[in-house]
Structure formats: structure tokens, C-alpha cells
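quick one, what's the 3D model for this:
(chains A and B)
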Amino acid sequence: MAADSVRDLSTAELDAAACDGLGLVGIRKAYAGKVALDGVTFCVPRHAIVAVLGPSGSGKSTLLSIIAGLEAPDGGSVLWEGRPIDSLPPHRRGFGLMFQDYVLFPHLNVERNVAFGLQMQALDEAQTSARVRECLAQVGLTGFEGREVQTLSGGEQQRVALARALAPWPRLLMLDEPLGALDRALRERLLGEMRQVLRAARQTALVVTHDQEQAFGLADRIAILDSGRMLQQGEPQQVYRHPASAAVARFLGLTNLLAGTPEAGGIRTALGLVPMAASSVQRPTVLLRPEAARLDGSGTFTIDAILRQRTFRGPTCILEVEAGGLRLTFEVPSAAALPAEGAPLKISFDPQAAFQVLP
Amino acid sequence: MRDRTRLVSALRTAGLWAAPAAFLALFYARPLAEVLRLSLARGGSLAAPFAEALTSPVQREIFGFTLLQASLSTLLTLAVGLPGAYLLARFEFRGRTLIQALTAVPFVMPTLVVGAAFHALLGPRGWANLALMGLFHLSEPPLQVIHTLGAILLAHVFYNTSIVLRLVGDFWSHLDPRLEAAARTLGADRRQVLLRVTLPLLLPAIAAAALLVFLFDFTSFGVILVLGGPRLSTLEVEIYNQTVGLFNLPLAAALSILQLGCTLLLTVIYTRLSGRLSRPISLRPRHQTAQRLRGLRRRLAASALVGLLLLLMITPLLALAVRSFVRLDAAAGPSVQPREALTLEAYRELWVNRQGSAFYVPPTTAMGVSLAYAAATVCLSLALGLPAAWALAYRPDSGASRLFDPLLLLPLGTSAVTLGLGFIVTLNRPPLDLRASPLLVPLAHTLVALPFVVRSLTPALRSIRPRLRQAAAVLGADPLRVVTRIDLPLVGRALLVAAAFAFTISLGEFGATALVARPDHPTVPMMIYRFLSLPGALNYGQALALSTLLMLACAAGMLGIERLRIADVGEF
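Here you go, the predicted structure:
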């Protein structure tokens, strides 16, 4: 810490230090020489829901353990309302954590699971059972008090875990892959429910997940974590519209990435000269947005492609095409008339909307 | 058609159980029934022996002492074993596997070896007293531990700590540590986590370990006989004395029934409790639950604990081994120390046939007898245990399996001396007159070994998922090849483990052997007991030398078991 306080803090670190909720400043952690977190800095403002999005092994669970106080960081600081709380043990932080596969206490029934955190606060019997009932009602499990946790379905366990984490009024609620263990249909239903519950309680929350749908569906802000580093933070739409790097784009499912060289009048790529403002980057990557394809020829930039595969997705259709020796993926409205697989296809774009330069 | 296949299946299960069931009926149920009959009828007055067993002040004192020493031993064992289980289960450090293997060794040590080992460490001619006498120039041994309650407690802790380490440690090492983390994030401090989450979840394992330890302490025989001396006696020793010393078979039988009633009561309480206590818990592999030892305080505490465990569980055995190579020359004067000299004399003497006494049997004969009995026990217990384990693994829901599963464990809770007594009063007349048969001892040993054999085979058989066989069959293996290529390789190790168990148990068994073995064909433990009861340095030396050899044989067996046990099989 001494070394850190001497070092000048970056703007991002100063912002995080001034955060009115949870601030993380330069968190570092390594296991047996392998770096898990490499200077993670960000802020979860009061009453906001922030999602940390990252592939498995990106350090998400380590991050939660450090914030909860279950593990100590090698460097950096965890702050609450601008004050470091690194020396506080987990049970004095007032942070809740909902584990990936819920980790309900098998020796306690639903009521006593939810009451556990309240009993730790030495709340009296009447207040405790009132709060338990209230939380169970919030997650739609009224009447489940006496049930043994082994008799619950996966979705019910998830809700008990949420109620248990919410019950002691945590200052911050952390959710580790909150819907990871459930099947798709249930996941979509619970996602909406969970957002409602968190919003209604104005709960400050931090969600970590590898699933962009969950992150976009739950959070006000998302932060992209990869190999222990924060790559980008912002509102979900903004991050999706303007990925800061090829790595972020790839992780968000934006896979049409073209290597380019700057030239007079644009950037030369495998698809030809793309008319763009000059880039300061030596070897820029050009992102071709998948939703920008037009099949009616109305765009000003046209490519000749061969349709390799089309996948019907209901309202939209996913096209995999080959053009300029590359495999590209586009999403078009299902209503569009499509040639057979293996047939040639002309695709046009509005270059302003379709192409983005990534560093 | 349906009914027919069901009938065939039921007949097959019955076929698997036929031999084990017949064995239990002939050599467990019938002898015990005979003991019961004997205890109820003497001289016309029904239940007179019972009246004596329950009302005589001597017997009541013995009963009280039996309970006292068993309770104290169990509490002490838990006090040592639970911190040890925590350390070995939850932490990863250098030497952990070695310590785990070493602390498993005492469990298979024959009681007579343990008695001799504590003699060698704490006895009047033991290392502790020799060191103190040398240090303070004393002429008398200052430590009078042998023949006190303290010695018995120490030996019981030595013995049974490995049970706590194994049963509680195994469970603990697979308990999800995130349950504790969840409690911490809900505001529980370390003490609350321990009291409200960890201990309640561990309770079934702790209760099982405590009950098993109590049962072993309650029916402990060799340890009390050697370390308790003439004044301290338990039910088990008293049964032996009444049988062998006083030929009061009815009273011995009444005491046996009293003891059996106690052990049965405990077992019933336990099964009731375990049903209520145990929760289906999702277990996790050990590598996900263990953490490294960090911080000076933790490391110091861990070192102290490991030191205590090794002191309690390994030093007596080391003391025994070293002491067997040392001769003490008689002191020339009261203040002069006995001179110590390294010698193989005690070992050489084992091979010398001294013809002085007509009753004399050379120790080499005893070794041969012990090995032969052990080999017979291995064959018998595998022949009976394999079909039983097969039925338990593959037809667990059939009526026969449900009936025999708990019955198989009964011999474990029955005192060995009672079993021996039952053999004496039953198998001495037609239709089964085995008095002179060399099979008598292996039969008794098989009764003791069978629960261990079945318990180590069943999980291994169960672990062969039917899908593996189906996969082999789909790949073109005929039923015979499925057995030779899939079943045998997977069960082979478990078979070796079971054989090693049976072998070491037979080598060390003393309680039943003391009653049923013929005096002219003594086993090694009987020989050790004889040498220990005789005066003179040479006899003492031979007792220690024989004990050391027996200890090495059993330790080799146990380490073999540890090596061959397929990791984590049987624990999930």
C-alpha cells in the first residue's frame, strides 16, 4: 500500500477512489506466479447494477472473493464510500454474495437459510421472521418456509439463494454467474424477475458472468474483464456500439474483423478500400458490424459474396458468407429474399454505419 | 414372463447370500445363542448368572470402570483427532501424505504390539524411565504409568485417533468450503461459522467416529490385559478371566450377554441418530477444498499438532523397535546406571529351541502358525466376502441384501472374547466338533475380518458403472471378456486391499485367539503375551523382538492398503 500511495493515481483510479459505492483501485492478485488480476480498477456507484463480463478464467470469481474479503489482494485497495476496507473481515463488510451454484446450507430449511444472515445481526425473532417472509415474497416463494432445500428445483434454489443474500440488507450484493446453472427457458424468465427484485430494492449490485445476454439484461453498466485486466467499461449499449478493442469485439460476438492498412482515402482491407477517416493507428483492425448488411442494394459499398450457410432464428436470419477469402457473419431480417446455400450474393453497406476502426 | 425374470433374479441374489448367511448362522448366531442359553440356566435357577453379573459389587465395579475408561478414551481421542482431521483435511503442505499414511498405521497394530510398545516407552525398563534415571541419577524408575488408567487411555488414543482422522478427515476434506464462505458473507464470524455451519455438517461423521471409538474402547482386550495389570479389569478382560482362569462359563456368558446388549444398544442409537443427522451434501473433490498453509502462526500451530500426532502415534512404535535391539546389563550397585548395549540377542534367541520345558514351543513355530492361520483367513474371508459384496453392490434393494447388510456388521460390534467363548461352548460336540481342528482359529478370524473385507470390496464393485460394461459390450467384448478386461482390473486393487485387511487382522487378533487356539499351536500375539508375563530380561527382550516383527508385518500390510486404495473411491 505504501508504494501505491506514493505512485500517482491515474484518472480512472481517482474516479474509483471517489466512487460513492464500491471502488476498486489497482487490484492485483497472482496464484503461484500466475497472474489472476492485473491492476483492476472500477466503480460500482450506489444503487447501480454493474456487470463484469468475462470469459471463464478471466479472474471474475477471484475478484468477487477479494471484494467479499474471503481472499486478500497482493496489491491495490478495496474502498467503500472512498474509505479503504481492506482490513475488514468478511463478516463485518456488510456485503452479500450469491454463489454460482447457490451453496445453500443443507442442514437448514428454507426459512433458516434465509434467516441466517439476520440471526448473525442478532435481530429479534419477530423481526427476523417478518424479514424472511418479506424476502421470500419478493422472490415469489411465499409458503416455502418449512421446505428442506434438497427438495427444491434448480430455479427455486436460485431464488432462495437470492432471498438469503438480500435478507440482511447488504450494502452491496454480489452475484456470481447468477443464472449459470439453469436451463435456457428458466434463465430468461428469472433474468427479468431478478432485475425487478434488484431494482425494487434499489440494491447496489455487482454481477459477474460470462454470458453477455445476462450482463446486458441486468446491468446499468458493464465492464469487460479478460486475463485479469479491465478492457472497457460503460453502458451496455455504448460498449456494444463502440467496442474499444478487437478483444472486446470478439468477446461480444462481433467476429467480422478485418486486418487493414491505412491509405489515402481510407483503409485497405481484404474487401477492398474502405472509405474512412484516416486512422492514426499503424495496423488498424476494421470491424464490419453484422447488423449492417443490406440485401436490397441500397448501400454505397458493395461486396460479392457466396452464401455458405443460413440459420433461421425467428425474426432474424444468420448468414455465413465467404468474401475476399474471409468468412463473415451477418444478421438480416427473415423477411429478406435469400438465394440457396452455395449461390452468389451481393451485399451492400452504408460505410459510415458498417465500418469501425479498432486500435 | 415378468414374474419369471423376477423370480430368477431373486434366486440369484439368494444364491449370492447363501454361503455368507450360512457362515454367519453357524459361526456367529449359533455360538451367541448358546452363550445366551448358558447364561440363563445354571443349577436349576434360571438367570442366576445374570443376577450375579448385575448385583455383585465386583462385577458392578468392573462394569463402571469399563464405561469410565471407554468414555474418557473417546473424549481424549476426539480432542486429539478433530484438530488433526482439520489440519490433514483442509490444508496442503509438504509431507501431508506421509503423515496421513503414518497416522493410519496404529489402527492395524495388534493390541499385544501396542501393549509391548507402551512397555518399551513408559514401562519400568522403558526409554522414558531410563532417560529420567540417567538424568537425575535415580535408582528407581520414577514414572509409574504401566498398570494405571493413564496407560490405558494413552494406548486407546494411540489406537483410535486414526479412526477420527480417517472418518472425520475424509468427510471434512470433501465438504464444500464455500458453505463457510457463504456464512462469512452473511455476517458470521469464525466462531459462529464453526458452531452453526461446520460442526452441524460434520456431526454425522463425528458421531460415527465417536461411536466406533467408544465401541473399540468398550471391548478393548489386549491393551487392558497388558497395560491394566491385575487390578484394572474391564468386562472383556473379566469374561476372559472367568472363562480361562476360573472356568465359570455361566458367569462369563452372562457378562458377554450384558456386553453384547450394551454394544447393540449403542449401534441402534447410532443408526437412529445417523438417519436424523445426515443430510445429502454435495461433496467436492479434495483439491478444490484444500488450501496452502500461510502465515507464521498457522505454520507453528500446524507443526505443533503434527508433532503431537507423531509423538502419540509413532514414538511408541519406534521405542519398541529400538528397545528390541538393546540389552540392559544388570546394575552393579544401587546408584549405578544399567549399561545399555546394542545386540541382536533377543532376535537370535527366537530361533533357538530351548528344550528346558515340556510346554515350550519355539517362537519360530508360532510365526509359522500365525502365517498359516492368516493365509487361511484371507481365503475364507474373500470366498465369503466377494459374493456378499457383489450382492450389496448390484442388488442393494433386494430383501436379502437389506436383511444381511446390517447383520454383516454385527461381528464388528461383538467382542472377540465373546466370539471365542461362543466357539468354545458350541463347536465342541457333534454335528460340528472342531475342537481339534486347525480351522477353528481362521473361522474366528474370518468373523472379525469379514466386515472389513465386504466394506472395502463393495464400493469398488459399485464404482464400476454399468455404462462401462455396456461400452465394452458394444465394442465387441463377450461377457467373459467384460469380466476379465473391465471388472477384474477395476476390482483387482480392491481385492488386494481386502486381502491385506484380512491378513493383518488375522496376524494381530488376540481376543478370540486367546480362547480358541490350542496351547501347543500358539500364534505370535499369544507368544508375546506369554513372554510379557514371564519374568527376566531375556523373556522381555523376546517379547519386544516378536512384537517388532509383528509390527513390521502389519505396518507393511497397512501401507500396502494405503497405496492400493484407489483415491476417493468409496467416499462418494
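
for the closest residue to A:A337 other than its chain neighbours, list the residues it contacts.
Using C-beta to C-beta, 6 or more residues apart in numbering or on different chains and skipping the chain neighbours, the partner closest in space to A:A337 is A:L295 (7.4 Å). C-beta: built from backbone N, CA, C; applies to glycine. Listed by C-beta atoms under 8 Å, 6 or more residues apart in numbering or on different chains, the contact set of A:L295 reads A:332, A:336-338, A:345-348.

dump the residue contacts of A:V332.
With C-beta under 8 Å, 6+ apart, A:V332 has these contacts: A:293, A:295, A:316-317, A:319.

quick one: A:L175 is in a helix?
No - counting by DSSP: H, G, I helix; E, B strand; the rest coil, A:L175 is not part of a helix but strand.

that one bridge partners, please.
A:M98, A:V207 (DSSP bridges).

ok, now how distant is it from B:G15?
Distance from A:L175 to B:G15, counting by C-beta to C-beta, to the nearest Å: 56 Å.

quick one: low-confidence parts of chain A?
Low-confidence segments of chain A (pLDDT under 70): A:1-9, A:181, A:278-279.

spell out which parts of it neighbour chain B.
A:65, A:68-70, A:89-97, A:99, A:103, A:105-107, A:116-117, A:120-121, A:150, A:164-165, A:168 (C-beta under 8 Å from any C-beta of the partner chain).

so which of the residues you listed belong to helices?
Counting by DSSP state H, the part of the residues of chain A next to chain B found in helices is A:65, A:68, A:116-117, A:120, A:164-165.

so what pLDDT did B:D487 get?
At B:D487, the model reports a pLDDT of 77.

Three-state assignment for it, please.
Applying three-state DSSP: B:D487 is helix.

wait, it touches B:S463, no?
No - judged on C-beta atoms under 8 Å, B:D487 makes no contact with B:S463 at a distance of 11.0 Å.

among the contacts of A:L295, who's most crowded?
Counting neighbours by other C-beta atoms under 10 Å in any protein chain shown, A:I347 leads those with 25 neighbours.

TSV for the contacts of A:V332, including secondary structure?
Below are the contacts of A:V332 laid out as TSV (three-state DSSP):
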residue	secondary structure
A:A293	coil
A:L295	coil
A:T316	strand
A:C317	strand
A:L319	strand
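
report the two of those residues separated the most.
Maximum pairwise distance among the contacts of A:V332 (C-beta to C-beta): 12.5 Å, between A:L295 and A:T316.

determine the longest helix present in chain A.
In chain A, ranked by residue count with DSSP H as the criterion, the top helix is helix A:184-200.

the strand or helix carrying B:F531 packs against which elements?
B:F531 belongs to helix B:524-533 when assigned by DSSP states H and E. Helix B:524-533 makes packing contacts with helix B:111-122, helix B:222-227, helix B:363-394, helix B:511-516, helix B:537-564 when contacts are defined by 3 or more C-beta pairs under 8 Å, 6 or more residues apart in numbering or on different chains; DSSP states H and E.

just the buried residues of that helix, please?
Buried residues in helix B:524-533, counting neighbours by 16 or more other C-beta atoms under 10 Å in any protein chain shown, are found at B:524-532.

those: which two are farthest apart?
B:V524 and B:L532 (12.5 Å).

which parts of the stretch 301-450 of chain B are helices?
B:315-323, B:345-350, B:363-394, B:399-413, B:416-426, B:440-463 (DSSP state H, counting those that start in this stretch).

please apply the same query to the stretch 1-150 of chain B.
Going by DSSP H, counting those that start in this stretch, the stretch 1-150 of chain B shows helices at B:2-24, B:30-40, B:48-55, B:57-90, B:96-104, B:111-122, B:127-136, B:149-173.

tell me which of those helices lies nearest to chain A.
helix B:149-173 (12.9 Å; C-beta to the nearest C-beta).

next secondary structure after the closest one?
helix B:177-185.

which other helices and strands contact that next one?
If contacts are counted by 3+ C-beta pairs under 8 Å, 6+ apart, helix B:177-185 sits against helix A:60-68, strand A:95-98, helix B:190-193.

please identify the most buried of the ones you listed.
strand A:95-98 (a mean of 27; mean count of other C-beta atoms under 10 Å in any protein chain shown).

show residues contacting it.
For strand A:95-98, contacts defined as C-beta under 8 Å, 6+ apart pick out A:64, A:67-69, A:117, A:161-162, A:164-166, A:168, A:170-176, A:178, B:181-182, B:185-186.
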